[in-house]
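Q: Provided below are the primary sequence and the corresponding predicted coordinates.
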Amino acid sequence: MAAIELRGVVKRFGPITAVDGLDLDVPEGICLGLLGPNGAGKSTTMRLLTGQAIADAGELRVLGHELPGDAKAARAEMGVVPQLDNLDIDVTVEDNLAVFARLYRVRDVGAAVDRALDLARLRGRRRDAVDQLSGGMRRRLLLARGLVHDPKLILLDEPTVGLDPQIRTELWSLIDNLRSRGTTILMSTHYIEEAERLADEVAVMSAGKIISRGRPVELIAEHAGRQTAEVYGPPDRLAQVRATAEAHGLTVRPAGPAIAIVGSERADNGAFPDDAVLRAASLEDVFVMLTGEEAE
Amino acid sequence: MRRLEPAAIGGVMSREVANFRTYWRGTTFSSVLEPIVYLLAFGLGLSATLVDEVNGVPYIQFVGTGMVATAVIFSSALPAMFGTFVKHRFQNTYDAILAAPVDVEELVSAEMLWIGIRSGTYGCIPLLVTIGFGLDPAPGMLLVPLFCFVTALGFAGFGVAMAATVAKIDQFNYVTALCITPLFLVAGTFFPIEGLPEGVQVVAQLNPLHQLVELVRGGAFGFEAVDLARFAFLLGFALLTWRIAVRRMYARLID
C-alpha cells in the first residue's frame, strides 16, 4: 500500500491555481523529495495532506484514510515538521514535547518525551526554556516534536530552509537516521543538495504539477546525460559560446556567473571552448532545465 | 474519529497551562492589586464625599461586587482577542496544533474553556477583596465562580471571533472602544442602570456583563426569581459566541 496517494488534486486560491491536477504516490518506506522552486505548490500540497487545506477537486488518501473526511485519523499517524519554528518559546523543552505527546494521545507521555529528547540530543537541556536554546537545538527540537508519537509517515516542509551549513548537516544526519529505520518521509525542499543527499526518489514540481520523477541518478541520466561543461567569462563571450553550443544542438542553461552546457559528452569538436570546466551532470542541471528556474 | 474529543481538548488546554505557569505571577499580582486600588479610591473618594449607599447597600460593597464583572471581561475578552491573534498570526501555534489530530472546533473549545476556568477563578478575587473591606460572606457567593465561568466563556468566544475577523492587531482598538468599554461602563458596576435613560436601560439588559453584575449581587445580597433568566441568558450568550468563534476560526485556519 502506498502511504500517500493523490489523484488529480486541484487547489485554487482565488484566481491562482496552486496545485493543478497533481498525481502523487509515495510508497511506504521511502524518502521522497518534492523538489520545486518557490511557488511551485509544495507547501500547499503539504497542507492538503494534513487537512489544513481542502482540495477543490481530486482524491487524496493518506495511510489508507480518505481526506478530508478522515484527515484527523490520518494526522494521528503522521508527524509534521513545519517550515517555520512554532515552538512555545517561554515553555521548557520537555513541556513543548509533552504537550504534543498529549495531542497525539500517546499513552506514556514521560517515555515519549525521553525518547524525543534523546533523538534531538537535548536530554541535558530538558528543563530550559526554548528561548535559551541555539538555533540548531531549536530545529532539532522541532523535528523531535513531530516524531514524539513515533509516526509511520513524516512530512518535512523545507526542513533546513534558512539554516547555516553546519546546522543543516546536523539535521540531515537526523533525517537520514529516520530514513534508515524505514519511516516513510515526504520532504519538500528547494535545495537541490538536500534532495540529492536524502531522497530515494525525487519528484520535480512546477506550477502545481509533478513534471518528472525518479531516482536522482535516473533523472540525471534521462534529462542531463553524463557530463556538463561550465564556461566562465564576460557576458559577451558567454553569449557567443552559448550561440555556438546551441548551433551544435546542445542545451545551455545559465548557472550564476557562468553558463552550463548540458550533455557535453555528446558534443562535436568545437562545440564549446577548451577552457570549459568539465564536471559530472547533476540534479541541479535537471532541475533548472525542467523548471526553467535557477537553483539554490 | 469523533467530534469534540476530551483528549484533544485536554491536550490543547495543557499547552495553555504550560504557558500559564511561566506568567501566572504577574497576572495574579495585578488581578489582586487592581480591585484593592479601585476599592480604596472609591471608598476614600466617592463614598466619603458623594455617595453613601445604593439601594441600601454601602457603596463600597456595591462597587466591589460589581467589579467581579470587570475582572471577568478584562480577563476573558482581551486575552481571547490578543492571545488568539498572536498565536494564530505571529507564533503559528495553531498551524502546529492543527497538524496533530485536533480539529478547529476542538481547538476553539479548548481555548474558550481554559479562559473560562481562568477567568472564573480570577473573577472571584474582587469579591474576596470586598469581603476584606467588610462585605458579609453569604452562601449564594459559592455560585459566583460558576457565573463568572459561563460569562467568561461567552466573552472568550467573542474575543476569538474578533481575532479571526480583524485584519491587523491595531483594529482591536475599535473593538475595545466600541464594544468592551461601553459594555464595561453600562454594566451597573459603578452606578445602578435604573438611573440611565430608558432606551439605554433596555440596551443594558442585553449586556451580559450587566446580567453577571446582577447575579453576583444576588449571590451576595439575596437572589430573585429573575436571576434564573439572567443565568439562562448568559448560557445562551456563551453558546452563541462559541458557534460563531468556531465558524470564524475555521474560515481563517483552513484554506
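A: The structure has been received and is ready for your questions.
Q: Stretch B:132-150: which residues count as buried?
A: For stretch B:132-150, burial by neighbour count (16 or more other Cβ atoms under 10 Å in any protein chain shown) applies to B:133, B:135, B:140-141, B:143-145, B:147-150. In short, each C-beta sits where N, CA and C put it, glycine included.
Q: and what of stretch B:38-56?
A: Within stretch B:38-56, judged by 16+ other Cβ under 10 Å, the buried ones are B:38-39, B:42-43, B:47, B:51, B:54.
Q: Dump these into a markdown table; add secondary structure and distance to chain A as well.
A: Shown next, in a markdown table, are the buried residues of stretch B:38-56 (DSSP: H, G, I helix; E, B strand; the rest coil; distance: Cβ to the nearest Cβ, whole Å):
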| residue | secondary structure | distance to chain A |
| --- | --- | --- |
| B:Tyr38 | helix | 30 |
| B:Leu39 | helix | 33 |
| B:Phe42 | helix | 36 |
| B:Gly43 | helix | 38 |
| B:Ser47 | helix | 42 |
| B:Val51 | coil | 44 |
| B:Val54 | strand | 43 |
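Q: could you redo those residues as JSON lines and give each row distance to A:Arg215 and pLDDT?
A: Listed next are these as JSON lines, based on distance: Cβ to Cβ, whole Å; pLDDT from 0 to 100:
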{"residue": "B:Tyr38", "distance to A:Arg215": "72", "pLDDT": "83"}
{"residue": "B:Leu39", "distance to A:Arg215": "75", "pLDDT": "83"}
{"residue": "B:Phe42", "distance to A:Arg215": "78", "pLDDT": "79"}
{"residue": "B:Gly43", "distance to A:Arg215": "80", "pLDDT": "72"}
{"residue": "B:Ser47", "distance to A:Arg215": "83", "pLDDT": "71"}
{"residue": "B:Val51", "distance to A:Arg215": "84", "pLDDT": "78"}
{"residue": "B:Val54", "distance to A:Arg215": "82", "pLDDT": "86"}
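Q: In the stretch 101-250 of chain A, what residue spans correspond to strands?
A: Using DSSP state E, counting those that start in this stretch, the strands of the stretch 101-250 of chain A run over A:153-157, A:184-189, A:201-206, A:209-214, A:227-232.
Q: ditto for chain B
A: Secondary structure of chain B (DSSP state E): strands at B:53-54, B:57-58.
Q: of those strands, which approaches B:Leu185 most closely?
A: B:Leu185 lies closest to strand B:53-54 among these, at 16.1 Å (Cβ to Cβ).
Q: Counting by contacts, list what the closest one packs against.
A: Applying 3 or more Cβ pairs under 8 Å, 6 or more residues apart in numbering or on different chains; DSSP states H and E, we find strand B:53-54 packed against helix B:59-78.
Q: which strands and helices sit next to the helix it packs on?
A: Using 3+ Cβ pairs under 8 Å, 6+ apart: helix B:59-78 touches helix B:6-44, helix B:46-49, strand B:53-54, helix B:104-122, helix B:124-132, helix B:144-165, helix B:181-185, helix B:208-221.
Q: How about the longest one, which residues are buried there?
A: Residues of helix B:6-44 classed as buried under the neighbour-count rule (16+ other Cβ under 10 Å) are B:8-19, B:31, B:34-35, B:38-39, B:42-43.
Q: Up against chain B, what does chain A have?
A: A:11, A:13, A:44, A:47, A:50-54, A:70, A:72-73, A:75-76, A:80, A:82, A:84, A:86, A:88, A:90-92, A:95-96, A:98-100, A:102-105, A:129, A:145-146 (Cβ under 8 Å from any Cβ of the partner chain).
Q: change it to 6 Å
A: Neighbours of chain B within chain A, by Cβ under 6 Å from any Cβ of the partner chain: A:50, A:52-53, A:72-73, A:75-76, A:80, A:84, A:86, A:90-91, A:95, A:99, A:102-105.
Q: Skip the chain neighbours and tell me the closest residue to whatever residue of the stretch 151-255 of chain B ends up closest to chain A.
A: Going by Cβ to the nearest Cβ, chain A is nearest to B:Asp255 of the stretch 151-255 of chain B, at 3.8 Å. Counting by Cβ to Cβ, 6 or more residues apart in numbering or on different chains, B:Asp255 lies nearest to A:Ala53, which is 3.8 Å off, once chain neighbours are set aside.
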